[in-house]
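> 3D model of this:
(3 chains)
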Amino acid sequence: MPLIEIRDLRHSFSDGWDALNGISLAVEPGDYVALIGPNGSGKTTLAKHLNGLLTPTSGRVVVAGMDTRRTDVATLARHVGYVFQNPDHQIFCASVRDELAFGPRTQGVPAAEVEERVAEELCAFSLEGLSERPPAILPPGQRRRVAVASVLAARPEILILDEPSVGLDAREQDDLFARVDEYNRSGHTVLLISHDMQLVARHARRCLLLSRGAVLADGTPESVLSDVAAIDLAGMRPPSLVLLARALALPRALLDVEQLGGTLLTLLERHA
Amino acid sequence: MSLSELYIPRVSWLHRADPRLKLFLTALLGPLLLLYNNFGLMLAAVLLIVAGLASAGIPRERLRRIWAVMLPVLITIPVLWPLFYQSGPTLVHFWRIRVTAWAAAQGLTAAARIAALGFLSTGVLLTTDMRALLRAFVRLGLGFEVALTITIALSYVPRIQRTYEQVTEAQMARGFSLSSGGLLRRARARVPILVAALVSTFRSAEVLARALETRGFGRQDVHRTSLYEVHWRPSDTALAIAAVVLATAALLARLALGFGSHPLYLR
Amino acid sequence: MGGALSDRPPTVDVRELYYSYPPLIAGEPPAEALQGVSFSLGRGEFLAVMGPSGAGKTTLCLALCGIVPHSTGGIFGGMAVVCGQDTRRTTPAQLSARVGVVFQDPESQLFTTTVEDEVAFGLESQGLPRGEVAERVTWALGQVRLSEHRERNPAYLSGGQKQRVAIAAAIATRPELLVLDEPTASLDPVGSQEVVRVLTDLRQELDSSVVMVTHDAELAAEFADRVLLMHEGGVDLDASTPDVLADPGLLVAHGVRAPAMAELAAYLRRHGLPLRFHTLAQAKLALSIELAGGMRATDRDS
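Reported below is the predicted structural model:
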């Protein structure tokens, strides 16, 4: 049975804005799914249905066997960890250590295990030296790491990351995703919301392109990101490697520099 | 709906009027309302003011919302008043409470007065754009820095409200329960939300302060000009004169003739 | 030709700039942000500043407009001369006549109730007469393609539109120096594209010098003449854009993801093809020629 099941989900806000216009999809445990699309396409609205922050105007959303219309947010939050776009909205403790401990403590995890998890995440996110500092005064990149670490410490079945790479330099991004990828490999489901296509191509195994509240494409990152027609329809620009491959009439659209380079070299050797 | 979001853009006599006139009218008529004690007259005042706003194109929906905000107070006061003031002939007697006609009327008058003051004071904000209000304050002599600070502070209220809502969502997503436990526990549960919302707001305010500086705010050596201007028209003068005449007449009637000093009787 | 241009004093002349912020928690040592930064920027030049988080890029921006040190306190050493003014002796408000700044967060840097007022604010601060203010507002809004939104409340605009308003507000005073601190970082791809288009047009229209901090190497590749690679408060490299992008490893070491095109070029070079390109347009051209040239060689043989 799928971990997340969404059937013909529609959502209209009170001011009349139709954010989601009939979305149906299923996510299996252990999936690594990315949601891409421009602002206003419904990515965040869709994600907020998964922990009950929003409930469907029509249609059904079932997470871990629970219908979100009949389950409260606190219960769903035990299964769904949501890292918000703005880490400052989730941070409030006096020290990084307390922040990481908050999630498991709220769930009633025994103290010894809380300590263990905190130590693990401090290490995974390179926050050991900062464990006693107040998160609020840390620079933005570190605050984001604290926010993600604190949600992970609660060990949710499903991890949702809303634009996690904003404000992080390339190295910080790679470190963050090293931990997230590891979390996925250990059996947890990850839902990544991002408008960074290269990021999606590097980490996700499944990609959904959203536009105006509907799914335009659903497949591997490679197939979706090289679907130039769909990406165009969504009002976005395909990755430059895809555009280059098309311009040069290469047989396959590729997202990887090495693959594309290799293909070019083969073609040029053939002609030489 | 906060103070800075009250404005409804329309074309009307009130919208066209110089904001300084509107401020003047409010300052003139407000104290007058405090002076009068007659229920009939106060009710007439409320209806007149609301009619005035309606004639300025303010939609019924907006007026209804202002009523709704004031309603708890408007109901409580007439109900409680007879419990504390019991002068005059009795109307109704139950248990140890003597409800008199005068006290009932006084309570209703006080409620009507609050309604009148409520609509009067929001009148300026309903019909005046922030930029016009700002310019009017500056023309009246309030320093630009102070005037700008006031208008920015007013516009920050909805921002803080939005941030508060977003933080609440983020905390609920972390398993925070806001609806469990007794009143004290629930109040304490709001503290982390307030902390995060305030810190977020401060960060935003810091960027704002820097943006202001890089656009020349606070420059002492140059006299600041303004693209937007408020214009005092002859119609404004006419209205001002009419208001002064009316106010003087009303003042005389009240003080010299005792008109409207009693809740029930006109004299 | 060159002589006439090089006679003009540089727009920015920074020498051994040192700055540390006052500590956030009493008793702690000051937080060092800049440790001996030196560079200069000529008129009309476009400089991209890149580096990992905490390298001092934002502090450098603040130093160029005077906010450091006037509004931040701390310890300031060395010298920054911007548009002929020593930032130690000129307040940010006075410098604002010649320096326009666009911050990263589109939400926080707008504070008026109409787009028109937002763009006019800086001009009003300079005491310009109303007619001129109106003219310049019209010009600036045209540059960022927001003329139809003149009367709208900035709070209701999209991220890309807000950022364009901020740009209009910064260029309205026709500054000699335009400073942009990660202008596209908080925007979605659509908003980013809008800003990129505006910057492209501006390059031709304005003769301002530009300093842009960005994490996006593709953005730098598109616009910058030169790149400043910063690291822990110092400048590691100050070189032309093509030179910097030819070494993707260097970018990676500075927390910047190299543009896909530059990585591709480096890959091909490693395998014997001496190609240099870092934008999509350049890549298309260079590779089409290579592929066509290859075919012509085959035709010749047969």
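> Quick one: the helices in the chain, in order.
I'll assume chain A. Counting by DSSP state H, chain A has these helices, from start to end: A:43-48, A:73-76, A:96-106, A:111-124, A:140-152, A:170-185, A:197-203, A:221-225, A:228-233, A:240-247, A:257-271.
> right idea, wrong chain: chain C
All helices of chain C, identified by DSSP H, fall at C:2-6, C:57-64, C:67-70, C:92-95, C:115-125, C:130-143, C:159-171, C:189-205, C:217-223, C:241-245, C:248-253, C:260-270, C:280-301.
> JSON lines for the helices of chain A, including mean neighbour count and distance to chain B?
Backbone N, C-alpha and C define where each C-beta goes, glycine included. Listed next are the helices of chain A as JSON lines, based on neighbours: other Cβ atoms under 10 Å in any protein chain shown; distance: least, Cβ to the nearest Cβ, whole Å:
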{"stretch": "helix A:43-48", "mean neighbour count": "22", "distance to chain B": "8"}
{"stretch": "helix A:73-76", "mean neighbour count": "20", "distance to chain B": "5"}
{"stretch": "helix A:96-106", "mean neighbour count": "23", "distance to chain B": "5"}
{"stretch": "helix A:111-124", "mean neighbour count": "16", "distance to chain B": "14"}
{"stretch": "helix A:140-152", "mean neighbour count": "24", "distance to chain B": "7"}
{"stretch": "helix A:170-185", "mean neighbour count": "18", "distance to chain B": "17"}
{"stretch": "helix A:197-203", "mean neighbour count": "21", "distance to chain B": "22"}
{"stretch": "helix A:221-225", "mean neighbour count": "21", "distance to chain B": "26"}
{"stretch": "helix A:228-233", "mean neighbour count": "15", "distance to chain B": "29"}
{"stretch": "helix A:240-247", "mean neighbour count": "20", "distance to chain B": "32"}
{"stretch": "helix A:257-271", "mean neighbour count": "16", "distance to chain B": "37"}
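> between those helices, which one is nearest to B:Gly52?
Of all the helices of chain A, helix A:43-48 sits nearest to B:Gly52, with 42.5 Å by Cβ to Cβ.
> how about that closest one, does it reach chain C?
No - Helix A:43-48 stays clear of chain C (Cβ under 8 Å from any Cβ of the partner chain), getting no nearer than 9.8 Å.
> since we're on residue 95, how many residues are nearby?
Picking chain A for this. 14 (other Cβ atoms under 10 Å in any protein chain shown).
> I was thinking of chain C, sorry if that wasn't clear
C:Leu95 has 24 nearby residues by other Cβ under 10 Å.
> so which of the helices of chain A comes closest to B:Arg64?
Per Cβ to Cβ, nearest to B:Arg64 of the helices of chain A: helix A:43-48, 30.3 Å.
> Give the other helices and strands that that closest one contacts.
strand A:18-27, strand A:32-36, strand A:158-162, strand A:189-193 (3 or more Cβ pairs under 8 Å, 6 or more residues apart in numbering or on different chains; DSSP states H and E).
> Mind checking the pLDDT average for it?
Helix A:43-48 shows a mean pLDDT of 95.
> element containing the residue lying closest to B:Phe39 once chain neighbours are set aside?
The shortest distance from B:Phe39 to any non-neighbouring residue, by Cβ to Cβ, 6 or more residues apart in numbering or on different chains, is to B:Thr109 (4.4 Å). Using DSSP states H and E, B:Thr109 falls within helix B:101-127.
> Thanks a lot, catch you later.
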